[in-house]
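Trainee: here you go, sequence then predicted model.
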Amino acid sequence: MGLVAEAAVLLAVLSYLVTVTLGLLSQRGHRVRRAWHSRLFVLTFALTALAAALSLPAQWMRGLLLALALVPLSLLPFLGVPVARRPRRHALMGLSAAPPYLAALVLWAAR
């Protein structure tokens, strides 16, 4: 299960980075379909939840950090909408998950 947890952590972090990148590109005027950003957000949330669950028994600190990243992500659809009127709030809510992801990535690299 250790290798699966390691891969899940890396996939969750990479998915978060791509989601943020797509969101920032769309806010900068690039033609990115909102459906892609929304689908990738759901994938990021699912991968993060999976990585947190798989990490908790052996790597409890990493699992806790990933669970902490889920808090702003779970609030984002409710507090970060409507994006067109409040893009700054949406971006700040999404980026508030970055520190736990970064710390989990550091713990993943230090394994």
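Mentor: Right, received. Where do you want to start? Numbers count the residues shown, from 1 in each chain.
Trainee: from now on I want contacts and neighbour counts done on CA atoms only, so please keep to that.
Mentor: Noted.
Trainee: mind checking which helix or strand the residue nearest the centre of the chain is in?
Mentor: Closest to where the C-alpha atoms of the chain average out (Cα atoms, centre = their mean) is Tyr16, at 3.8 Å. Assessed by DSSP states H and E, Tyr16 sits inside helix 2-27.
Trainee: before we move on, the earlier item: can you pull the contacts of the residue nearest to the centre of the chain?
Mentor: By Cα atoms under 8 Å, 6 or more residues apart in numbering, the residues touching Tyr16 are 41, 44.
Trainee: what ranges does this structure have for its helices?
Mentor: Taking DSSP state H as the criterion, the chain contains helices spanning 2-27, 34-55, 60-79, 87-95, 98-109.
Trainee: list the buried residues for the second one?
Mentor: Read that as helix 34-55. Buried residues in helix 34-55, counted by 16 or more other Cα atoms under 10 Å: 37, 40-41, 43-45, 47-55.
Trainee: what packs against that helix?
Mentor: helix 2-27, helix 60-79 (3 or more Cα pairs under 8 Å, 6 or more residues apart in numbering; DSSP states H and E).
Trainee: report the rounded mean pLDDT for that helix.
Mentor: Throughout helix 34-55, pLDDT has a mean value of 92.
Trainee: again with the longest one
Mentor: Mean pLDDT, computed over helix 2-27, is 91.
Trainee: ignoring the adjacent residues along the chain, who's closest to Arg34?
Mentor: Among residues not flanking Arg34 along the chain, Ser26 sits closest, at 7.9 Å (Cα to Cα, 6 or more residues apart in numbering).
Trainee: mind listing what the one you found touches?
Mentor: Going by Cα under 8 Å, 6+ apart, Ser26 touches 32-34.
Trainee: quick one: closest of the helices and strands packed on helix 34-55 to Leu95.
Mentor: Closest to Leu95 of the helices and strands packed on helix 34-55, according to Cα to Cα: helix 2-27, at 7.6 Å.
Trainee: tell me what angle that closest one forms with helix 34-55.
Mentor: Taking axes from the mean of the first three to the mean of the last three Cα atoms, to 10 degrees, one finds helix 2-27 and helix 34-55 inclined to each other by 150 degrees.
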